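attaching a predicted model along with its sequence, questions to come.
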Amino acid sequence: MKTRNILSLLLLLTVSLAACQAAPTDPIDDNVTSGDTSSTESTADDTLPPPDYTNDYDGRGFTIVTTSQLQYIYADEMNGSAVNDAMYERDRMTEEQLGVDIGYYVAGARVEDVYPVIQSTVMAGDAAYDLGVVHVNMNLNNYVSENLVLDWNVMPHVDFGNPWWNPNIIDSLSINGKAPFAAGSIFMDETVFLLFNKELATDLGLGSLYDYVYDGSWTWDKLAEISAEVMSDINGDSVYDETDRYGTAIYLSGSSWLLRNIPASCGEMIWEKSDDGYALAIDTEKMQTIIEKTTALFNGGGGYMYTDSSTQDVSAQVSLFNQGSYLTYFVSVSNAAAAFNQLDFDYGILPLPKYDENQKEYYSLSWSPNLLVLATADPDFTGAVSEWLCYYGYTLVRPEFFDSLLSVRFAQDEESVEMLDIIFGNIVYDPAMNFKSTGFYSFADAMIMNNNTDFASYYQSKLSAENGYIDNLNQSFADFSN
């Protein structure tokens, strides 16, 4: 049996992979069963060559520190749920391969709880934890500035050329060849896409929305055009509220993070990276146009923003879409798979729209956790275990999550499966989101929700503080010595 160093298994009952949004209760136990305990083996990619390094560490303990607000990270035991059992098998097979004993320490119920644990551990010179799985944008600058982590680029036995690692994060979140953070198949990708009500589309004579994606015309202009046609005061009270019909809708109660995905879907990032570090890249005519178009869409143009509650309630989010009067609806991957699979109507999946038809790809902004190696960890040992964990995550867990949970049990048609390939095939990172830009992290939602298109004034009001924040971060990377 594995020894799990966990504060409370009950913490898993309230989990979230998204940056600022609560997720369904216990999504791992999602009533999606594997049928028999051999399902993880049958879906594994047995043709993929494994890592070329192996060893026998004679039962040495390997401890991962994380938070209960991140889901699809680990499973304490087999329970018949396909994804849960695949995660359990990932750890068990890594243990067998390397002769290690993998355990997890849940630092607390909040994403903020991991940083002080890692900080105090490293400052004390304690090697209690080897690997950290941390929130997408919580305290990343502190990990670098305080030299609390090691550089992944010099980690033995780790090969970022293997498909179980995401090289985009290495490119986006590293400076001068220093990579404090990585992303691999220990966890699943998190991003945002649209669900659409197929029955409503048929009733309104709109045809297949998939066709727009296939021919490259699925743009924010196209969504605005459709939304303007769809919008209707269906109860006739001359007041547009959540009971009326819209072309797109977004649940913003408790957090407005879903709107932050819009610039990246248009290929626009807040920061850019050069040999000298990060720099602000947001002051463009294109960004001004993005704000103007989407602000018009969600302020009387056929889009609806639900903000009538201060709490993040996934069941309320589902109920809002389930009333059947919204053509499209913003959802996150983690919530979609576990909470939106019991709707009263047939639905399809779409990527977020492009900026225009000249944009070649549909981009999806990453909200996935980050992997870090504590500065007090043994690089050789941690590198070896991380490589095998990601390998088995890719060959065991990923097939169950994508091919089974999403593609088979959640997606209702072959087109949606193809849409998932498009969505996950173009995951992008914006370092300003990961390092939580002090001036522009939430600029899109602030402007859209306040019906404000004066981007120039907003930009100037934040410019000085933002450049100071970036300069400090660049200096932290320059001083990073691990």
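That came through fine.

residue boundaries of the helices in the stretch 201-350 of the chain?
Ranges of helices in the stretch 201-350 of the chain, per DSSP state H, counting those that start in this stretch, are 210-214, 220-230, 262-265, 285-298, 314-322, 333-339.

quick one: closest of the ones you listed to Asn153.
helix 262-265 (25.0 Å; CB to CB). (Glycine included, C-beta is placed from N, CA and C.)

touching that closest one from outside, list them.
220, 269-270, 287, 290, 294, 351-355, 362-365, 428, 430, 433, 444, 448 (CB atoms under 8 Å, 6 or more residues apart in numbering).

among those, which lie within helices?
220, 287, 290, 294, 433, 444, 448 (DSSP state H).

I figured the fifth one hits His135, correct?
Put plainly, it is Met433. No. Using CB atoms under 8 Å, Met433 makes no contact with His135, being 11.7 Å away.

out of the helices of the stretch 201-350 of the chain, which is closest to Pro116?
Closest to Pro116 of those, according to CB to CB: helix 333-339, at 25.0 Å.

which element is Gly103 on?
Assessed by DSSP states H and E, Gly103 sits inside strand 100-106.

next one: that strand to chain centre, how far?
23 Å (CA atoms, centre = their mean, to the nearest Å).

stretch 412-430 too?
Counting by CA atoms, centre = their mean, stretch 412-430 comes out at 13 Å from the chain centroid.

list of residues touching it?
By CB under 8 Å, 6+ apart, stretch 412-430 touches 166, 168-169, 171-173, 189, 191, 193, 208, 210, 213, 263-264, 269-271, 346-351, 361-366, 368, 402, 406-407, 411.

returning to what we had before: quick check: next helix or strand after the strand holding Gly103?
helix 114-123.

and Ser8, what pLDDT?
On pLDDT, Ser8 comes in at 33.

pass me the low-pLDDT residue ranges in the stretch 301-450 of the chain, would you?
310, 404-405, 408 (pLDDT under 70).

please enumerate the strands of it.
Ranges of strands in the stretch 301-450 of the chain, per DSSP state E, counting those that start in this stretch, are 303-306, 326-332, 347-350, 364-365, 370-373, 427-428.

CSV for the ones you listed, including distance to Asp101 and mean neighbour count?
Shown next, in CSV, are those (distance: least, CB to CB, whole Å; neighbours: other CB atoms under 10 Å):
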stretch, distance to Asp101, mean neighbour count
strand 303-306, 47, 23
strand 326-332, 33, 26
strand 347-350, 40, 24
strand 364-365, 36, 23
strand 370-373, 18, 24
strand 427-428, 33, 18
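
wait, which of the ones you listed is closest to Phe480?
Closest among the strands of the stretch 301-450 of the chain, using CB to CB: strand 370-373, at 12.3 Å.

which residues outside the closest one are in contact with it?
For strand 370-373, the external contacting residues (CB under 8 Å, 6+ apart) are 118, 130-136, 140, 143, 148-150, 152, 155, 169, 173, 180-184, 186, 379, 382-383, 386, 434.

and that strand, how far from the chain's centre?
Put simply, strand 370-373 sits 15 Å off its chain's centre (CA atoms, centre = their mean).

just stretch 152-167 next, same as before
With CA atoms, centre = their mean, you get 20 Å for stretch 152-167.

pull out the buried residues from it.
For stretch 152-167, a neighbour-count test (16 or more other CB atoms under 10 Å) marks 152, 155, 157-158, 160, 162, 164-166 as buried.

what's the span of that stretch, first residue to last?
12 Å (CA to CA, to the nearest Å).

so which of the helices of the stretch 201-350 of the chain gets nearest Asp113?
Asp113 lies closest, by CB to CB, to one member of the helices of the stretch 201-350 of the chain: helix 333-339, at 19.3 Å.

report all helices and strands that that closest one contacts.
Using 3 or more CB pairs under 8 Å, 6 or more residues apart in numbering; DSSP states H and E, the elements in contact with helix 333-339 are strand 192-197, helix 314-322.

what's next to the last one, contact-wise?
Looking back up the chat, that one is helix 314-322. Residues contacting helix 314-322 (CB under 8 Å, 6+ apart): 21-24, 195, 197, 242, 249, 251, 253, 306, 309, 326, 329, 331, 335, 339-340, 343-345.

how about stretch 204-217?
Contacts for stretch 204-217 (CB under 8 Å, 6+ apart): 196, 201, 218, 222, 226, 229-230, 327-328, 348, 350-351, 354, 357, 362, 415, 418-419, 422.

please redo it, this time with the cut-off set to 7 Å
Here stretch 204-217 makes contact (CB atoms under 7 Å, 6 or more residues apart in numbering) with 196, 201, 218, 222, 226, 230, 348, 350-351, 357, 415, 419, 422.

looking at those residues, which one is closest to Phe440?
Distances from Phe440 to the contacts of stretch 204-217, taken by CB to CB, are shortest for Pro351, at 23.4 Å.

surely Thr54 and Thr94 touch.
No. With contacts counted by CB atoms under 7 Å, Thr54 stays clear of Thr94, the gap being 10.9 Å.

which of those two has more residues huddled nearby?
Ranked by neighbour count (other CB atoms under 10 Å), Thr54 and Thr94 place Thr94 first, with 23 against 12.

can you name the residues that contact the more buried one?
Thr94 touches 100, 102, 385, 388-389, 392, counting by CB under 7 Å, 6+ apart.

may I ask which helix or strand encompasses it?
Using DSSP H and E, Thr94 falls within helix 82-98.

report the angle between that helix and strand 100-106.
140 degrees (axes from the mean of the first three to the mean of the last three CA atoms, to 10 degrees).

so which bits of helix 82-98 are buried?
For helix 82-98, by 16+ other CB under 10 Å, it's 82-95, 97-98.

average pLDDT across it?
95.

for that helix, output the C-alpha coordinates as CSV.
Extracted C-alpha coordinates of helix 82-98, given in CSV (Å, rounded to 0.1, in the frame of the first residue of the first chain):
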residue,chain,number,x,y,z
ALA,A,82,-11.9,5.2,-15.1
VAL,A,83,-9.9,8.4,-14.6
ASN,A,84,-9.4,7.8,-10.9
ASP,A,85,-8.2,4.3,-11.4
ALA,A,86,-5.8,5.3,-14.2
MET,A,87,-4.2,7.9,-11.9
TYR,A,88,-3.8,5.2,-9.2
GLU,A,89,-2.2,2.9,-11.8
ARG,A,90,0.1,5.7,-13.0
ASP,A,91,1.6,6.0,-9.5
ARG,A,92,1.7,2.2,-8.9
MET,A,93,3.5,1.5,-12.1
THR,A,94,6.0,4.3,-11.5
GLU,A,95,6.6,2.8,-8.0
GLU,A,96,7.2,-0.6,-9.6
GLN,A,97,9.5,0.8,-12.3
LEU,A,98,11.8,2.7,-10.0
